[in-house]
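# model this:
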Amino acid sequence: MPPSAGSQVSRVPAQRTPPEELAPPAVTPAPRQPRRRLRTVLTVVAGVVAALCLTGGVVGYFVYDRATTPDRSAPTIVVDSYLRAYLVERNDVRASLFSCEGVAEFETLRRLRDDLAAREERFGTTMWVSWEQFQVNRVDDNAEVRVDLTFAAEVDGIRQSDRQSWTFTTRLNEDWRVCSAAAG
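Below you'll find the model as predicted:
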């Protein structure tokens, strides 16, 4: 009700709040931050796994490269590998890995291989080719490799063989390659 004109409003003096009530409210602990320990551990583990995978990939590449690159470190190794590829496996692509590019002279050796194939067909047998006694004469980046080739077959129960001396010329550029072959 509104105060009437003649009435007096009684005023209550302001009361002071007792000191206990002025104290700040009790402190509640701040919400805890989620623990980041698990995230840190997972990040470290992922980093280590990535580093191991990268290292394994690099090592794997070099091991694969070394295992698949033909050995052309010496004239005798190149001649041996060339003979195996050309005469035994009869693989021209593999043999080309051991021969000089563009300057190779192998006509005589090609005729020998064709003759061996013709004899196999004519006599219904298999010709075995082997070699031994490498003799190397090296002058700077060139080397002549003399080797005795042995051709053997069994025809009508009789083992037959023939031995021929061959000279292979090799050249060192980045690695050794066979550049020519000649009988005698």
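
# can you give the distance of stretch 90-101 from its chain's centre?
Taking the mean of its C-alpha atoms, stretch 90-101 sits 22 Å from the chain's own mean (CA atoms, centre = their mean, to the nearest Å).

# got it, and stretch 51-70?
Using CA atoms, centre = their mean, the mean C-alpha position of stretch 51-70 is found 4 Å from that of the whole chain.

# residue ranges of the strands in the protein, please?
For the chain, the strands defined by DSSP state E occupy 128-139, 142-155, 158-172, 176-183.

# tell me how the chain divides into domains.
Here the domain assignment for the chain is 38-69, 75-183, based on automatic domain parsing.

# quick revisit: deepest-packed of the strands of the chain, please.
For the strands of the chain, ranked by mean neighbour count under the definition mean count of other CB atoms under 10 Å, the leader is strand 176-183 at a mean of 20. C-betas here are computed from N, CA, C, even on glycine.

# which residues touch residue 68?
By CB atoms under 8 Å, 6 or more residues apart in numbering, the contact list for residue 68 is empty.

# now it: how far from residue 80?
Residue 68 sits 18 Å away from residue 80, going by CB to CB, to the nearest Å.

# on that earlier part again, quick one, which of the strands of the chain is nearest to residue 54?
Taking CB to CB as the criterion, strand 176-183 is the member of the strands of the chain that comes nearest to residue 54, at 34.8 Å.

# the closest one versus strand 158-172: what angle between them?
Using axes from the mean of the first three to the mean of the last three CA atoms, to 10 degrees, the interaxial angle of strand 176-183 with respect to strand 158-172 works out to 130 degrees.

# what about this structure, any weak spots by pLDDT?
Across the chain, the ranges flagged by pLDDT under 70 are 1-26, 33-35, 65, 67, 104.

# hey, which helix is longest across it?
Looking only at the chain and at elements set by DSSP state H, the helix with the highest residue count is helix 37-68.

# which non-adjacent residue is nearest residue 90?
Spatial nearest neighbour of residue 90, excluding adjacent residues (CB to CB, 6 or more residues apart in numbering): residue 113 at 6.9 Å.

# settle this for me: residue 152 is touching residue 159, isn't it.
Yes - the pair residue 152 and residue 159 qualifies as a contact (CB atoms under 8 Å) at a distance of 6.6 Å.

# so for stretch 62-79, what gets flagged as buried?
In terms of neighbour count (16 or more other CB atoms under 10 Å), stretch 62-79 has its buried residues at 72, 74, 75, 76, 77, 78, 79.

# distance to residue 166 added to those, as CSV?
What follows is those, written out as CSV (distance: CB to CB, whole Å):
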residue, distance to residue 166
72, 19
74, 18
75, 14
76, 13
77, 16
78, 14
79, 9
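
# thanks again, I'm all set now.
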